[in-house]
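J.: structure for this input, please:
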Amino acid sequence: MSDSLASFPQVSVAPMLDWTDRHCRYLHRLLSRRARLYTEMVTTGALLHGDVARHLRMDAAEHPVALQLGGSEPAELAQCARLGEQWGYDEINLNCGCPSERVQRGAFGACLMAEPQLVADCVKAMVDAVRVPVTVKHRIGVDRHEDYGFVRDFVGTVAQAGCGTFIVHARNAWLKGLSPKQNREVPPLRYALVHRLKRDFPALRIVINGGLTTSAQVGEQLALLDGAMLGREAYHNPWWLAEWDGRFFGLPEQPGRTREAVEDAMVRYMEREARAHGTGWYAIARHMLGLRHGLPGARRWRQVWSDHRLKALAPAEVRALAHAGAAAAPAA
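T.: Numbers count the residues shown, from 1 in each chain. Modelled structure (predicted):
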């Protein structure tokens, strides 16, 4: 599928470890035709020494979809980028934003921001290896260093290597003393620095990430930047994606798209996955537990779809139980 990064705002769902697997992405594509989807971070070691199909298998319906890689060795990243292109991914994204200690021990993620020339070498190797866009996701700073010049020089150096799109999480990454969860909440959001990057690098595509939970907030950012990446709110409240096509991309409403229709499509997907790969429905259903967020009976519906004691039932049977439970639940 040809990439059209320049033709519309890049509104996307963030790469989230243990969450944005191919089943989650299939659900999100049912909800939005245009949102850009990202894999979980896949390390170069996992691809070079592990089960490539397990990490890279996807459904054709997922496009446009990007592969996020974790690594810091240019030749290995180039090899993995080629694998991603061969498997059909529309973009290769380098993770320079994850602050977890495990990722730091692998010498990649947010700690790479302290080595902009190494990141540039990695990007250049990938750009030379593939025809699809190579992008970088990063923070605005590392630890307590809050000087704008740090992120400005990082972007400037990496851009010279051929990266045209930077996805900027508008918080610093504190590499010591905070958990990954705290790193998403404690360092203050500083959107102004991301806006300044766009002013200083008008030819680059600058996409903002961090703390955006409503369409109104996204719209405010799109007035200043080239895109917005949404994370946990999009995952926990997936029906939010249903308004993105009309609000951000000017597409007409999909006829007949309701929560029930999306759930029915997921049941059919579960049945196909069981036949093709032996995947249990519960591995897929966990991603749609927020689909009825805010509706009467949502809690009971969610309880049924997350009940592993029902593993032996067919997905359609679980769906029937979930709706019967939701209908019988007392009004909130």
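
J.: quick one: Tyr235 and Leu112, what's the gap?
T.: 25 Å (C-beta to C-beta, to the nearest Å). In short, each C-beta sits where N, CA and C put it, glycine included.

J.: neighbour-wise, which of these two wins?
T.: Leu112 (27 against 21; other C-beta atoms under 10 Å).

J.: is it correct that that one is in contact with Ser72?
T.: Yes: counting by C-beta atoms under 8 Å, Leu112 touches Ser72, with 6.0 Å between them.

J.: name the residues contacting each of those two.
T.: In terms of C-beta atoms under 8 Å, 6 or more residues apart in numbering, Leu112 and Ser72 are both contacted by the residues Leu118.

J.: first to last residue in stretch 46-53, what's the distance?
T.: 11 Å (C-alpha to C-alpha, to the nearest Å).

J.: where do the strands sit along the chain?
T.: 10-13, 36-43, 65-70, 91-96, 134-142, 165-173, 205-209, 227-230 (DSSP state E).

J.: direction included, what does the third one pair against?
T.: Partners of strand 65-70 in the sheet, by DSSP bridges, are strand 36-43 (parallel), strand 91-96 (parallel).

J.: switch those over to CSV; also include mean pLDDT, mean neighbour count and distance to Arg171.
T.: Formatted as CSV, the strands paired with strand 65-70 follow (pLDDT from 0 to 100; neighbours: other C-beta atoms under 10 Å; distance: least, C-beta to C-beta, whole Å):
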stretch, mean pLDDT, mean neighbour count, distance to Arg171
strand 36-43, 97, 23, 18
strand 91-96, 97, 26, 14
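
J.: now those as JSON lines including distance to Arg272?
T.: As requested, the strands paired with strand 65-70 are exported to JSON lines (distance: least, C-beta to C-beta, whole Å):
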{"stretch": "strand 36-43", "distance to Arg272": "19"}
{"stretch": "strand 91-96", "distance to Arg272": "26"}
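
J.: how is the chain divided into domains?
T.: 5-249, 259-328 (automatic domain parsing).

J.: flag the shaky bits of the stretch 51-200 of the chain, pLDDT-wise.
T.: Across the stretch 51-200 of the chain, the ranges flagged by pLDDT under 70 are 100-107.

J.: chain neighbours aside, what residue packs nearest to Pro15?
T.: Tyr38 (3.9 Å; C-beta to C-beta, 6 or more residues apart in numbering).

J.: same question, Leu56
T.: Closest residue to Leu56 apart from its sequence neighbours, by C-beta to C-beta, 6+ apart: Trp87 at 4.3 Å.

J.: OK, contacts around the one you found?
T.: 52, 56-58, 67.

J.: run the last query once more with 10 Å
T.: 52-53, 55-58, 67 (C-beta atoms under 10 Å, 6 or more residues apart in numbering).

J.: Leu204: which of those is nearest?
T.: Of all the contacts of Trp87, Leu204 sits closest to Leu67, with 20.8 Å by C-beta to C-beta.

J.: for that closest one, give the beta-bridge partners.
T.: Going by DSSP bridges, Leu67 forms beta bridges with Ile92.

J.: okay, and for the stretch 201-332 of the chain, where does confidence drop off?
T.: In the predicted model, the stretch 201-332 of the chain carries pLDDT under 70 at residues 331-332.

J.: deepest in the core, which of the domains of the chain is it.
T.: domain 5-249 (a mean of 19; mean count of other C-beta atoms under 10 Å).

J.: the helices in the stretch 201-332 of the chain, which residues?
T.: All helices of the stretch 201-332 of the chain, identified by DSSP state H, counting those that start in this stretch, fall at 215-222, 232-236, 244-249, 259-277, 281-285, 298-305, 315-328.

J.: can you list contacts of the fifth one?
T.: The contact list for helix 281-285 (C-beta under 10 Å, 6+ apart) reads 21-24, 26-27, 263, 266-267, 269-271, 273-274, 291, 302, 304-308, 310-311, 313-319, 322.

J.: quick one: mean pLDDT over stretch 19-34.
T.: Stretch 19-34 carries an average pLDDT of 97.

J.: next one: it to chain centre, how far?
T.: Remark: stretch 19-34 is offset 10 Å from the chain centroid, using C-alpha atoms, centre = their mean, to the nearest Å.

J.: what do you get for stretch 256-276?
T.: The chain centre lies 21 Å from the centre of stretch 256-276; the measure is C-alpha atoms, centre = their mean.

J.: quick one: contacts of it?
T.: Contacts for stretch 256-276 (C-beta under 10 Å, 6+ apart): 22-23, 26-27, 30-31, 59, 61, 238-239, 241-242, 245, 254-255, 279-285, 287-288, 291-293, 295, 298, 301, 305, 314-320, 322-323.

J.: tell me the contacts of the residue lying closest to Arg22 once chain neighbours are set aside?
T.: Excluding the flanking residues, the one nearest Arg22 by C-beta to C-beta, 6+ apart is Met58, at 5.0 Å. The neighbours of Met58, taking C-beta under 10 Å, 6+ apart as the test, are 21-22, 25-26, 37, 39, 65, 67, 87-89.

J.: reformat those residues into TSV and put distance to Lys181 next to each item.
T.: TSV is the format used below for these (distance: C-beta to C-beta, whole Å):
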residue	distance to Lys181
Asp21	20
Arg22	24
Arg25	23
Tyr26	26
Leu37	23
Thr39	21
Val65	26
Leu67	25
Trp87	31
Gly88	33
Tyr89	28
